[in-house]
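*Asks:* Need a 3D model of the following:
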Amino acid sequence: MNPASGRRLERRLVALGVTGSIAAYKAVELLRLLTAEGADVVVLLSPSASRFVGPLSFAALSRHPVETDVLDLLPDGRIGHIVVADTVDAVVVAPATATFLAAMASGLAGDVVTATCLATSAPVVVAPAMDGDMWTHPATVANVGRLRDDFGYAVVEPESGPLASGQSGTGRLAELPKIVDAVVRAIGDRPVRQPDPAARPPIADTTPRDSDLVGRRIVITAGGTREPIDPVRYIGNRSTGRMGAALAEAATARGAMVTLIAAAVEVPLPSEAHVVRVETTAELRDALAAAMGGSSHVSDRGRMGAPDALVMAAAVADFTPAQPRGTKISRADGLTLELAPTPDLLGEVAAMAGRSRNGASAPYLVGFAAETGGFDRAAGKLEAKGIDLLVANDVSEAGSGFGTDTNRVTIFDRSGAADALPMLSKREVADRILDRVAAALDARDASAQTAGEQQSAGMQQPAGTEGGRG
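*Replies:* Alright, predicted model coming up:
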């Protein structure tokens, strides 16, 4: 405890691991209690935990990027969960599922939570939560015993009461203050393990962007399209959807109403967004038509007014098999593919939005270009497609390609300016893009209001004055 502040975890770095129990929502409040005790908290989410509660709340409360993937790198190239393991004063896993307990007892590292626990020499506190029969199963009892007796983990046992299954029994997550007390005891009077902030996990960007997209409707595309060869095989690309998901998360955090059209993605998508799932370029085309206020050739359902902005972060296939087969092609038959170009969806959307006829109220359009070796074609693409911004990155550069948590982009605008950003997290890249979108929409609305006021003033001039009938 810091005698001056009275806070028992002052200056301590605590990793909060969250696994896929229905009690995962309680981890948000546990984070609040840990920070109230003075702790600096970094959150680790297993893939199943992300289905119960998204990373946005944890990131906002902890001020740290949330670790969700063992392959994630920090902007400076360090491995995220290893930095956590090497610097924390304690790890607390709450709720801890039966799967987590079994994996740890066997030394398996399949996600950031188990990998961090295996990689750290800091004390580990485990607070299980599960169905009553799972908790009393001999396998779970043996796993808990090994963690406590062989590994020295502090186990905050679950409590009795109503369970998610509708039954009553022992399996409820322990009361949160009890878990905090266990963390305090586990750390004890050990010295602060890593006092240097530069060595710890980085603090997330806290540039104020409060609610500058409230009332705006933004359509974002994410992931890679898949073009079928036959019912089993397809042509695809390396996109994981991380950039599009980061854009959707950032836009919802700033108050926007987000429609996220998601092709093949490998990351959790923000629950705050309205997600439309697609697979092929043709399906993406239909979803865009509906989202932009037009109609698809499949159905007119879901039609709505044009959005304020469209951000095309999806990696759309340039080619599709000319004659996909309805049945699986046999290996013995061999395979020769004839490819046909796919439509230029961004160009179509620009035309659909009526930019040449109604530019003042047309949606603000942002395109992406994945290049290799340079951006010589970027300015030409922006002009040819009739869009407002083009975000280009060199996917051959380490840390800037598909599947990474970082990106180095150059943003081109219609004035001919090019803004080359440093290597940043994809969330920060998303916010830099949305900074421009928000400013452009505000300027558009101000211009439209001024024009309307001038027109109204002209119509009200009395006869005999300039502009009237004298």
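
*Asks:* so what strands line up beside whatever helix or strand residue 171 lives in?
*Replies:* With the criterion set as DSSP states H and E, the secondary-structure element containing residue 171 is strand 168-172. In its sheet, strand 168-172 lies beside strand 159-162 (antiparallel), with partners assigned from DSSP bridges.

*Asks:* Extract the C-alpha set from the partner strand and format it as CSV.
*Replies:* What follows is strand 159-162 as a C-alpha-only set of coordinates in CSV (Å, rounded to 0.1, in the frame of the first residue of the first chain):
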residue,chain,number,x,y,z
GLU,A,159,-19.4,-19.1,-4.8
SER,A,160,-22.8,-20.7,-4.5
GLY,A,161,-26.0,-19.3,-6.0
PRO,A,162,-28.1,-19.2,-9.2
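
*Asks:* For it, buried residues please.
*Replies:* Neighbour counts over strand 159-162 (16 or more other Cβ atoms under 10 Å) mark no residue as buried. The way it works is simple: take the backbone N, C-alpha and C, and place the C-beta from them, glycine included.

*Asks:* how is the chain carved up into domains?
*Replies:* Taking automatic domain parsing as the domain assignment, the ranges for the chain are 13-187, 217-449.

*Asks:* Lowest mean pLDDT across the ones you listed, which one is that?
*Replies:* Out of those, domain 217-449 stands lowest, with a mean of 85 (criterion: mean pLDDT).

*Asks:* Contact partners for residue 23?
*Replies:* Contacts of residue 23 were listed using Cβ atoms under 8 Å, 6 or more residues apart in numbering, and they are 95, 129, 172, 173.

*Asks:* Is it located within a helix, as I assumed?
*Replies:* Yes - checked against DSSP: H, G, I helix; E, B strand; the rest coil, residue 23 lies within a helix.

*Asks:* quick one: it from residue 164, how far?
*Replies:* Here the criterion is Cβ to Cβ, to the nearest Å. By it, residue 23 lies 8 Å from residue 164.

*Asks:* Equivalent analysis for residue 152, please.
*Replies:* Taking Cβ to Cβ as the criterion, residue 152 is separated from residue 164 by 30 Å.

*Asks:* hmm, back to that, please export the C-alpha coordinates of the strand holding residue 171 as CSV.
*Replies:* Written as CSV, here are the backbone C-alpha positions of strand 168-172 (Å, rounded to 0.1, in the frame of the first residue of the first chain):
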residue,chain,number,x,y,z
SER,A,168,-28.3,-23.3,-8.4
GLY,A,169,-24.9,-24.5,-7.2
THR,A,170,-21.3,-23.7,-6.7
GLY,A,171,-19.8,-22.0,-9.8
ARG,A,172,-20.6,-18.3,-9.6
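
*Asks:* Okay, buried residues for it please.
*Replies:* Counting neighbours by 16+ other Cβ under 10 Å, strand 168-172 gives 169, 170, 171, 172 as buried.

*Asks:* and the next element down the chain from it?
*Replies:* helix 176-187.

*Asks:* Could you name the helices and strands sitting against that next one?
*Replies:* For helix 176-187, the elements it packs on are helix 26-36, strand 90-96, strand 124-128, strand 154-155, judged by 3 or more Cβ pairs under 8 Å, 6 or more residues apart in numbering; DSSP states H and E.

*Asks:* Next, format the ones you listed as CSV and append mean neighbour count and distance to residue 379.
*Replies:* Rendered in CSV, the data for the helices and strands packed on helix 176-187 read as follows (neighbours: other Cβ atoms under 10 Å; distance: least, Cβ to Cβ, whole Å):
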stretch, mean neighbour count, distance to residue 379
helix 26-36, 19, 45
strand 90-96, 28, 49
strand 124-128, 27, 53
strand 154-155, 18, 59
